[in-house]
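Q: structure, please.
(one chain, ligands or ions: 2)
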Amino acid sequence: MDKQFFGAFLDLSKRLCVVIGGGKVAERKVQSLLLCEARVRIVSPTLTPALAELVSEGRIEYVERSFQSGDTKGAFLTVAATNSPEVNRLVVQEAEADGRLVNSVHASTRGNTIFPAVVRRGPLQVAISTSGTGPAVARAVREELENYFDTEYELYLHKVSSIRNMLMKTIEDEAVRAEIIREIVQSNVRELLRSGNEAEADRTIRVIIEGRRNS
Ligand SMILES: C[C@@]1(CC(=O)O)c2cc3[nH]c(cc4nc(cc5[nH]c(cc(n2)[C@H]1CCC(=O)O)[C@@](C)(CC(=O)O)[C@@H]5CCC(=O)O)C(CC(=O)O)=C4CCC(=O)O)c(CCC(=O)O)c3CC(=O)O
Ligand SMILES: NC(=O)C1=CN([C@@H]2O[C@H](COP(=O)(O)OP(=O)(O)OC[C@H]3O[C@@H](n4cnc5c(N)ncnc54)[C@H](O)[C@@H]3O)[C@@H](O)[C@H]2O)C=CC1
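A: Ligands and ions are numbered 1, 2, ... in the order given. Have a look, this model is predicted:
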């Protein structure tokens, strides 16, 4: 059996993430971290123009030098993103010694965390990993799924979420709540939203809820 990674979603908001290296790959990792409101600190002798701009805007902290031992201390997540597998290995060793999360852009240096390709639609996230074996495939799958999860998904999910909150407050029986939500999810509500028919989608939801309430 292929090696299995545990998929999880991390709340990075306001947590310190230390990125070692300031090249093109580091830039992509930093964009992902900022999207999740992490506090980002880069340690690198050089930066790409886009990273330099983020520094000058005060959106990330910058330590302008090569990696030194101790740089990963206090980081919730560390990213070893230099072009040197030897340096990345040292970074991974330091973070791992403390049992912390660390990603390395060289699979051979064995960090404990992989950055996936991600489809985002509001609160919905689909993360794709090939367990490090073919990142270009992860990207291609992401592009394929972006067509499947059209932008209506965001509206759909917000609707399901607000109905769920309403049911939590108004229906005590957990099994009944679950049945209603299941019926809505299995109905044609999503297709109706996709074709721009929000009024009909809302009507369908009302019929399902009333039907269950009265049964
Ligand atoms: C192990 C991992 C570590 C990590 O970075 O977390 C890793 C490692 C490496 N990537 C390499 C190359 C490429 N990476 C991409 C793209 C992405 N790589 C990402 C993640 C990961 N890359 C992790 C595994 C993910 C998984 O499990 O599938 C994505 C998903 C997310 C992200 O980067 O945030 C992002 C797509 C985002 C998107 O578009 O949605 C492309 C394609 C492209 O850019 O078009 C290429 C060129 C084609 C090719 O080589 O396949 C190389 C070789 C470098 C060399 O040849 O020297 C290594 C090093 C090695 O394998 O040792
Ligand atoms: N994981 C991934 O998604 C991918 C990984 N890669 C791998 O990632 C590596 C980095 O790629 P790029 O960003 O394109 O390289 P790059 O050459 O653009 O950037 C390397 C960065 O590391 C910095 N650096 C070098 N030594 C350092 C040290 N001792 N301490 C701190 N910073 C140091 C450099 O100053 C530079 O900012 C490559 O070796 C490549 O094999 C490449 C493509 C995708």
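Q: can you name the residues of this protein that neighbour ligand 1?
A: By the rule Cβ under 6 Å from any ligand atom, the part of the chain lying against ligand 1 is 28-29, 32, 103, 105-108, 114-117, 129-132, 134-136, 138-139, 142. (Each C-beta comes from the backbone N, C-alpha and C, glycine too.)
Q: now list the buried members of those residues.
A: For those, a burial check counting by 16 or more other Cβ atoms under 10 Å picks out 29, 103, 105-106, 114-117, 129-130, 135, 138, 142.
Q: just the ones of those residues in helices?
A: 29, 135, 138, 142 (DSSP state H).
Q: next, format those residues as a markdown table and append distance to residue 48 and pLDDT.
A: Output for those, formatted as a markdown table (distance: Cβ to Cβ, whole Å; pLDDT from 0 to 100):
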| residue | distance to residue 48 | pLDDT |
| --- | --- | --- |
| 29 | 12 | 98 |
| 135 | 19 | 96 |
| 138 | 22 | 98 |
| 142 | 22 | 98 |
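Q: and which of these is nearest to ligand 2?
A: residue 135 (5.6 Å; Cβ to the nearest ligand atom).
Q: what's near enough to touch the closest one?
A: By Cβ atoms under 8 Å, 6 or more residues apart in numbering, residue 135 lies in contact with residue 117.
Q: distance-wise, check it relative to residue 24.
A: Distance of residue 135 to residue 24, given as Cβ to Cβ, to the nearest Å: 14 Å.
Q: am I right that residue 19 sits in a strand?
A: Yes: with DSSP: H, G, I helix; E, B strand; the rest coil as the criterion, residue 19 is located in a strand.
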